[in-house]
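*Asks:* Provide a 3D model corresponding to the input given below.
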Amino acid sequence: MFEKKKKIELSNEELRIMRYSLIDLKNDLLKENKYTDPVDEVMTKLKNKMKVDKYDLGVMINSLDKTINNLPENQNSFDIDELLLKLFEIYQSL
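*Replies:* Numbers count the residues shown, from 1 in each chain. Predicted coordinates:
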């Protein structure tokens, strides 16, 4: 009946990574003439402490995955990987 939500905390660095990742995903969707409302919804909720459901986490995880895949080979993705693992663990707990 009601969607289960989980409270998460993001550091300033994680918040920055997430924000850029969502902007990149939105730009890619716009280039493909696809619907961007899910990304817009998550971007409006994005802050250091927030409540998320599986839908929000799915958008966040997909945007980070796309960001990692678009990185140049020589660029370090350690911070993005850590954030992705953190969000994936939360996703599995819902």
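*Asks:* Can you list the low-confidence ranges for the protein?
*Replies:* Applying pLDDT under 70 to the chain picks out residues 1-2.
*Asks:* Break down it into its strands, ranges please.
*Replies:* Along the chain, the stretches classed as strands by DSSP state E are 6-9, 49-52.
*Asks:* Ok, which of those comes nearest Asp81?
*Replies:* Nearest of those to Asp81, taken as C-beta to C-beta: strand 6-9 at 17.1 Å. Heads up, the C-betas are built off the backbone N, CA and C, glycines and all.
*Asks:* what residues are up against Leu10?
*Replies:* Shown in contact with Leu10 (C-beta atoms under 8 Å, 6 or more residues apart in numbering): Met18, Lys47, Asn48, Lys49, Met50, Leu83.
*Asks:* Phi first, then psi, for it.
*Replies:* With angles defined as degrees, to the nearest 10, Leu10 sits at phi -120, psi 140.
*Asks:* now swap in Asn74 and tell me
*Replies:* The phi/psi pair for Asn74 (degrees, to the nearest 10) reads phi -90, psi 0.
*Asks:* got the residue ranges for the helices in this structure?
*Replies:* Secondary structure of the chain, counting by DSSP state H: helices at 12-31, 37-45, 54-69, 78-93.
*Asks:* Among the ones you listed, show me which one is buried the most.
*Replies:* Sort these by mean neighbour count, taking mean count of other C-beta atoms under 10 Å, and helix 54-69 sits at the top with a mean of 18.
*Asks:* Export that helix to CSV, keeping only CA atoms.
*Replies:* Taking C-alpha atoms only, helix 54-69 is exported to CSV below (Å, rounded to 0.1, in the frame of the first residue of the first chain):
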residue,chain,number,x,y,z
LYS,A,54,13.3,2.2,-4.4
TYR,A,55,12.2,4.4,-7.3
ASP,A,56,14.4,7.3,-6.3
LEU,A,57,17.3,5.0,-5.6
GLY,A,58,16.9,3.3,-9.0
VAL,A,59,17.2,6.7,-10.8
MET,A,60,20.3,7.6,-8.7
ILE,A,61,22.0,4.2,-9.3
ASN,A,62,21.3,4.4,-13.0
SER,A,63,22.7,7.9,-13.3
LEU,A,64,25.9,6.9,-11.4
ASP,A,65,26.3,3.8,-13.6
LYS,A,66,26.0,5.9,-16.7
THR,A,67,28.5,8.4,-15.3
ILE,A,68,31.0,5.6,-14.7
ASN,A,69,30.6,4.2,-18.2
